[in-house]
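**Q** sequence first, predicted model second:
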Amino acid sequence: NMLATTIGGRTFNNCMMNAAGVRCQNKRDLDALVQSDAGAYVTKSATPQKRAGNPSPRMHTLPHGSINSMGLPNNGLDYYLNYVIADQQKRPGTTNFLSVAGTSLADNLAMLHQIQASEYTGFVELNLSCPNVPGKPQVGYDFDRVHTVLDQVFEFYTKPLGVKLPPYFDLVHFDQIAAILNQYPLTFVNSINSIGNALVVDPQSEQVVIRPKGGYGGIGGASVKPTALANVRGLALRLKPEIAIVGTGGILNGVDVFEHILCGASMVQIGTQFGYEGIPLFDRLAKELTDIMKQKGYTSIDDFRGKLKTFD
Ligand SMILES: O=C(O)c1[nH]c(=O)[nH]c(=O)c1Cl
């Protein structure tokens, strides 16, 4: 079909899925994704143990996007690992994404050892970009740390793995992170996570809109699309072809999916808008994207992936 895509030798019948953290924290949410037209699902980023996360209000939505400082609330790795293993037994041949976000290198390594030893055969998304754990810097902004983490992970981890990156805002940083990532057998890179530590103010109440960190949180939604596309394109132009790109950020409509693919994405993830719209989003986006492709005479996303033109 027109929306099929392949990453790491696995074929998905739809190049669209949820972004980690949105409507994917419990079995009910994940079952809804399994039943939907999404090409895959990703589970809420897991820590080794169940975690309550930051105090509420910790998420706020606005016309042009969302701000969140959830603080990694999740049911713990066992919950999600059991879910994805049960699902792969029920639906052999399907591939999904298990997201892990340890708050320390030791936690990340422990979780990956557990997954390596398990019968899980799907993808792992190693989240190096959570901006909301108080006192914890984003690994993705410390290039030496990224090197260390990936060195230690690939000492033992042999199953398909990708990393979730924060947005970068300097072409030199695209060069630097790509030079590191190209040294590893990564299956994919997911770009971007929310734009971290933004501040939303309510002028009427003269107050911030979320409790944690004095109101600071990660931004998602329409306003981050130009940054998301810049990162998808920046990585597509620099990463070795074996590393697929998952494009995340600012997708509301089919045309936004089209733009992410044009910039080099093989799969796209939708967060903020999926939070608003729920499961019907995937049918709407599939129809809108298919219509765009038909108007342009494309029959597969391979026809235009990465083919963004410049003026020269
Ligand atoms: O606060 C969160 O749970 C969170 N929020 C985000 O916007 N990105 C992340 O990776 C995570 Cl882990």
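**A** Now that the structure is in, tell me what you want to look at. Since the model is a prediction, treat every value here as computed from it, not as a measurement.
**Q** and the helices in the stretch 151-300 of the chain, which stretches?
**A** Assigned by DSSP state H, counting those that start in this stretch, the helices in the stretch 151-300 of the chain fall at 171-181, 225-236, 254-262, 272-277, 280-296.
**Q** show me what from this protein comes close to the ligand.
**A** Contacts of the chain with the ligand, taken as Cβ under 6 Å from any ligand atom, map to 21, 45, 68-72, 101, 127, 129-130, 132, 193-194, 218. For every residue, glycine as well, the C-beta is placed using N, CA and C.
**Q** which pair in the residues you listed spans the largest distance?
**A** Distance extremes for the residues of the chain next to the ligand: the farthest pair is 69 and 127 at 15.3 Å, using Cβ to Cβ.
**Q** of the residues of the chain next to the ligand, the lowest pLDDT goes to which?
**A** Among those, residue 132 carries the lowest pLDDT, at 89.
**Q** skipping its backbone neighbours, what lies nearest that residue in space?
**A** residue 69 (4.4 Å; Cβ to Cβ, 6 or more residues apart in numbering).
**Q** could you do residue 41 as well?
**A** residue 33 (3.8 Å).
**Q** element containing that neighbour?
**A** helix 27-35 (DSSP states H and E).
**Q** which residues touch that helix?
**A** 17-18, 23-24, 41, 43, 83, 87, 91, 278-279 (Cβ atoms under 8 Å, 6 or more residues apart in numbering).
**Q** picking up where we left off before, what about the residues of the chain next to the ligand, which are in strands?
**A** 68, 127, 218 (DSSP state E).
**Q** where does residue 64 land on pLDDT?
**A** So residue 64 comes in at 86 (pLDDT).
**Q** so what's it up against?
**A** Each residue near residue 64 by Cβ under 8 Å, 6+ apart is listed here: 221-223.
**Q** how about it, phi and psi?
**A** Here is the backbone geometry of residue 64 (degrees, to the nearest 10): phi -100, psi 10.
**Q** would you turn the helices of the stretch 151-300 of the chain into JSON lines with distance to residue 53?
**A** Output for these, formatted as JSON lines (distance: least, Cβ to Cβ, whole Å):
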{"stretch": "helix 171-181", "distance to residue 53": "28"}
{"stretch": "helix 225-236", "distance to residue 53": "24"}
{"stretch": "helix 254-262", "distance to residue 53": "28"}
{"stretch": "helix 272-277", "distance to residue 53": "16"}
{"stretch": "helix 280-296", "distance to residue 53": "24"}
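**Q** any chance of those helices in a markdown table, plus mean pLDDT?
**A** Shown next, in a markdown table, are the helices of the stretch 151-300 of the chain (pLDDT from 0 to 100):
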| stretch | mean pLDDT |
| --- | --- |
| helix 171-181 | 98 |
| helix 225-236 | 98 |
| helix 254-262 | 99 |
| helix 272-277 | 97 |
| helix 280-296 | 98 |
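**Q** would you list those helices in JSON lines and tack on mean neighbour count?
**A** Shown next, in JSON lines, are these (neighbours: other Cβ atoms under 10 Å):
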{"stretch": "helix 171-181", "mean neighbour count": "16"}
{"stretch": "helix 225-236", "mean neighbour count": "22"}
{"stretch": "helix 254-262", "mean neighbour count": "22"}
{"stretch": "helix 272-277", "mean neighbour count": "20"}
{"stretch": "helix 280-296", "mean neighbour count": "16"}
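**Q** so, low pLDDT: which residues of the protein?
**A** Across the chain, not a single residue meets the criterion (pLDDT under 70).
**Q** nearest to residue 10, of the helices of the stretch 151-300 of the chain?
**A** Nearest of the helices of the stretch 151-300 of the chain to residue 10, taken as Cβ to Cβ: helix 254-262 at 17.5 Å.
**Q** run the angle between that closest one and helix 280-296 for me.
**A** Inter-element angle recorded for helix 254-262 and helix 280-296: 70 degrees (by axes from the mean of the first three to the mean of the last three Cα atoms, to 10 degrees).
**Q** can I get helix 254-262 in PDB? Just the C-alpha atoms.
**A** Output in PDB follows, covering the C-alpha atoms of helix 254-262 (Å, rounded to 0.1, in the frame of the first residue of the first chain):
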ATOM      1  CA  GLY A 254      -1.200  14.900   6.300                       C
ATOM      2  CA  VAL A 255       0.800  17.700   4.800                       C
ATOM      3  CA  ASP A 256       3.000  17.800   7.900                       C
ATOM      4  CA  VAL A 257       3.700  14.100   7.500                       C
ATOM      5  CA  PHE A 258       4.500  14.700   3.900                       C
ATOM      6  CA  GLU A 259       7.100  17.400   4.900                       C
ATOM      7  CA  HIS A 260       8.800  15.100   7.400                       C
ATOM      8  CA  ILE A 261       9.200  12.400   4.800                       C
ATOM      9  CA  LEU A 262      10.400  14.900   2.200                       C
END
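**Q** thanks again, I'm all set now.
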